[in-house]
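Trainee: got a predicted structure plus its sequence, pasted below:
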Amino acid sequence: MRIALSQLTADTDPKVNLGSVRAAVTEAAAQGARVVLFPEATMARFGIPLGPVAEPLDGPWATEVRAIANTAGVVVIAGMFVPADDGRVRNTLLVTGPGIDTAYDKIHLFDAFGFAESDTVAPGERPVTFTVNDVAFGVATCYDLRFPGLFHALADEGAQVMLVGASWGWGPGKREQWELLCRARALDSTSWLLACGQADPSTTGERPAGLAPTGIGYSSLVSPFGEIREQLGAAPGLLVTEVDVAETERARETIPVLANRRF
């Protein structure tokens with residue numbers, strides 16, 4: 001199956017970002033992609049008040065993403081913000097396309113490196129999987145990469161390919177941590193792992209101030225054996241790649257960590 005990773009630098013205006021989603025989906029579909037993964041916070045980047053941009057899943061932003069996906073005949077996974085009941089928002093991955101319409105609310109919130117996501121974001125509660133052409137996918141968001149239990153749970157639910165949307169925080173050693181964690185979670189779950197992050201905004205002439213995680217790039221395709229097979233750089237770009245789930249099955253036969261688990 002062909003899967004595209006659209007590494008972008010989100011604007012503060014959701015309408016501008018819809019244009020970026022439309023352009024990337026059109027290009028990815030032309031290259032034969034069946035699934036197109038966008039970063040966390042595709043709707044609007046971190047570092048701005050999230051409440052004013054948040055919309056329900058049946059609001060205009062998500063509705064337009066659905067239309068883009070259905071017109072192109074692909075499944076789109078894109079990060080957005082949805083109002084929560086307690087006045088905060090939910091950090092959500094919308095998953096939509098022909099015959100599919102679901103969403104994942106980020107479970108593990110980024111209260112680390114001096115940033116407190118939980119001040120403005122309410123946590124999700126359940127893992128989410130979906131199936132396209134008999135390939136089972138699990139989804140996760142950014143800081144979730146530091147928690148192997150989620151990826152075990154997704155594999156237990158049948159996921160063969162993990163899709164991670166991220167807006168990774170910049171700083172010393174953060175690229176190394178990103179790559180290590182992507183490889184580790186692929187090995188933990190013996191699954192393909194495709195991680196799409198926000199591009200480094202400095203590559204487009206901007207570095208938002210403050211502690212908000214605005215992205216470092218390096219979106220990656222990692223094999224079920226933990227190898228980085230393909231990777232973008234720091235700047236915006238589109239990676240269209242091929243995933244063969246037979247390799248997931250070979251990895252699970254060769255390294256049966258899921259079957260051998262005791263805890």
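Mentor: Yes, it's here.

Trainee: for the host helix or strand of L5, buried residues please.
Mentor: Assigned by DSSP states H and E, L5 belongs to strand 2-7. Using 16 or more other Cβ atoms under 10 Å as the test for burial, strand 2-7 gives 2-7. Just so you know, the C-beta spots here come from the backbone N, C-alpha and C atoms, and that holds for glycine as well.

Trainee: looking at those, which is nearest F38?
Mentor: S6 (5.1 Å; Cβ to Cβ).

Trainee: any idea which element the nearest residue to the closest one once chain neighbours are set aside lies in?
Mentor: Excluding the flanking residues, the one nearest S6 by Cβ to Cβ, 6 or more residues apart in numbering is A24, at 3.9 Å. Per DSSP H and E: A24 is located in helix 14-30.

Trainee: just the helices in the stretch 101-250 of the chain please.
Mentor: Ranges of helices in the stretch 101-250 of the chain, per DSSP state H, counting those that start in this stretch, are 148-156, 174-189, 245-254.

Trainee: buried residues, the second one. List them.
Mentor: Of the residues in helix 174-189, those with enough neighbours to count as buried (16+ other Cβ under 10 Å) are 175, 177-179, 181-189.

Trainee: doesn't P49 fall inside a helix?
Mentor: No - remark: P49 does not belong to a helix; assigned using DSSP: H, G, I helix; E, B strand; the rest coil, it is coil.

Trainee: still on that earlier bit, a markdown table for the buried residues of strand 2-7, including pLDDT and distance to V53?
Mentor: Shown next, in a markdown table, are the buried residues of strand 2-7 (pLDDT from 0 to 100; distance: Cβ to Cβ, whole Å):
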| residue | pLDDT | distance to V53 |
| --- | --- | --- |
| R2 | 98 | 31 |
| I3 | 98 | 27 |
| A4 | 98 | 25 |
| L5 | 99 | 24 |
| S6 | 98 | 20 |
| Q7 | 98 | 21 |
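
Trainee: which one of those residues is nearest to R261?
Mentor: The closest of the buried residues of strand 2-7 to R261 turns out to be I3 (Cβ to Cβ; 27.4 Å).

Trainee: excluding sequence neighbours, find me the nearest residue to that closest one.
Mentor: V35 (4.6 Å).

Trainee: residues in a beta bridge with the one you found, which ones?
Mentor: I3, V75 (DSSP bridges).

Trainee: neighbours of it, how many?
Mentor: 27 (other Cβ atoms under 10 Å).

Trainee: what about the closest residue to A29 other than its chain neighbours, how many residues close to it?
Mentor: In space, and not counting its chain neighbours, A29 is closest to A72: 4.2 Å by Cβ to Cβ, 6+ apart. Residues near A72, counting by other Cβ under 10 Å, number 20.

Trainee: going along the chain, name the strands of the stretch 101-250 of the chain.
Mentor: For the stretch 101-250 of the chain, the strands defined by DSSP state E, counting those that start in this stretch cover 111-112, 115-116, 121-122, 129-132, 135-141, 161-166, 192-197, 220-222, 228-231, 237-242.

Trainee: contacts only, for the residue nearest the centre of the chain.
Mentor: Nearest residue to the geometric centre of the chain (Cα atoms, centre = their mean): G165, 1.4 Å. If a contact means Cβ atoms under 8 Å, 6 or more residues apart in numbering, then G165 has 37-40, 42, 77-79, 93, 139-142, 196-197 as its contacts.
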